[in-house]
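Asks: Need the 3D shape of this:
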Amino acid sequence: MEGREFLNVEKITKELNIAPNETVADFGAGHGFFTIAFAKRVGPSGHIFAIDILSTALESIRSQAKIDGLFNIKIIRGNLEKPNGSTLPADSCDLVMIANILFQVPDKSSLIDEAKRVLKENGRLAVIEWKPYIAVGPLKTSRLPEAELKQLILSKGFSEIRAIDAGSHHYGLVFKK
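Replies: Residues are numbered from 1 along each chain as shown. All right, here's what the predicted structure looks like:
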C-alpha cells in the first residue's frame, strides 16, 4: 500500500524543487501525503489541486488540510483517464505529480495526455512508481517498468530532466513539457 513507510514524502518534495507561489496538481492524490507536503512548500500564495476519483480519499485530504491550517488546496473529484478529467484549465500548472497510480490505470496514455494538457510550457511532470522487482506492493504483473514508463512519456513530447531518489521500493522520474 501507498504510505509514508514506503515513501519519504518530504525528501521527494524537496528534490522536486517546488517553490513558493507554484501551482501543483496531485493526480490520484489518494490520502494526500504529497498534497499536504506540496501545500506547505508553495505557501499561502501557491495552489495545490488534489484530484482523485475516490470521494473518501478526498475527504481525508480535506480533514488533514483543515487540521494543518492549509487553505491553498482545492479538492477535485475527477476521472483522470477522460479528456479534461482533471477539470483544470489548460497550461495552468507548474508541476503535475503522478505517484503510485499508473499500475492501476488501464488507460495510461490518456492520463499522461491530461497531465500534458494542464502543464504550463516548460512545466514539470514527476512520476513515482513501484520498482518491478520489489517483493511488497501491487502485483508485479501490473507494475510499469522504468523503461516502459520513459518510452510512454517521451512519446508524448516530453523531455526527460532527471531521475530522483524515491526510496528503496520506488523509482522516480521528472520530465519537462
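Asks: Any idea how far stretch 155-172 is from the middle of the chain?
Replies: Distance, stretch centre to chain centre, for stretch 155-172: 12 Å (CA atoms, centre = their mean, to the nearest Å).
Asks: neighbouring contacts of it?
Replies: Outside of stretch 155-172, the residues within contact range by CB atoms under 8 Å, 6 or more residues apart in numbering are 6-8, 11-12, 15-16, 100, 109, 112-113, 116, 124-131, 134, 136-137, 146, 150, 153-154, 173-177. C-beta here means a position set from N, CA and C on the backbone, and glycine is covered the same way.
Asks: how long is stretch 19-32 end to end?
Replies: For stretch 19-32, the separation between the terminal residues is 19 Å (CA to CA, to the nearest Å).
Asks: in this structure, which spans are strands?
Replies: Taking DSSP state E to define them, one finds strands in the chain at 23-27, 47-52, 73-77, 93-99, 119-130, 159-164, 170-176.
Asks: Could you single out the most deeply buried of those?
Replies: Counting by mean count of other CB atoms under 10 Å, strand 23-27 has the highest mean neighbour count of the strands of the chain, with a mean of 27.
Asks: relative to strand 119-130, how tilted is that strand?
Replies: Strand 23-27 runs at 40 degrees relative to strand 119-130, counting by axes from the mean of the first three to the mean of the last three CA atoms, to 10 degrees.
Asks: now strand 23-27: how far from the chain's centre is it?
Replies: With CA atoms, centre = their mean, you get 7 Å for strand 23-27.
Asks: Which residues does it contact?
Replies: By CB under 8 Å, 6+ apart, the residues outside strand 23-27 that reach it are 18, 32, 34-35, 38, 42, 46-51, 80, 86, 88, 92-99, 101, 111, 114-115, 118.
Asks: cool, stretch 12-20 as well?
Replies: Applying CB under 8 Å, 6+ apart, the external contacts of stretch 12-20 come out as 24, 34, 37-38, 41-43, 45-46, 95, 97, 124, 126, 128, 164-167, 172, 174.
Asks: Let me know the average pLDDT across stretch 158-170.
Replies: Regarding stretch 158-170, the rounded mean pLDDT is 93.
Asks: How about Val96, nearest residue that isn't a chain neighbour?
Replies: Ala115 (4.3 Å; CB to CB, 6 or more residues apart in numbering).
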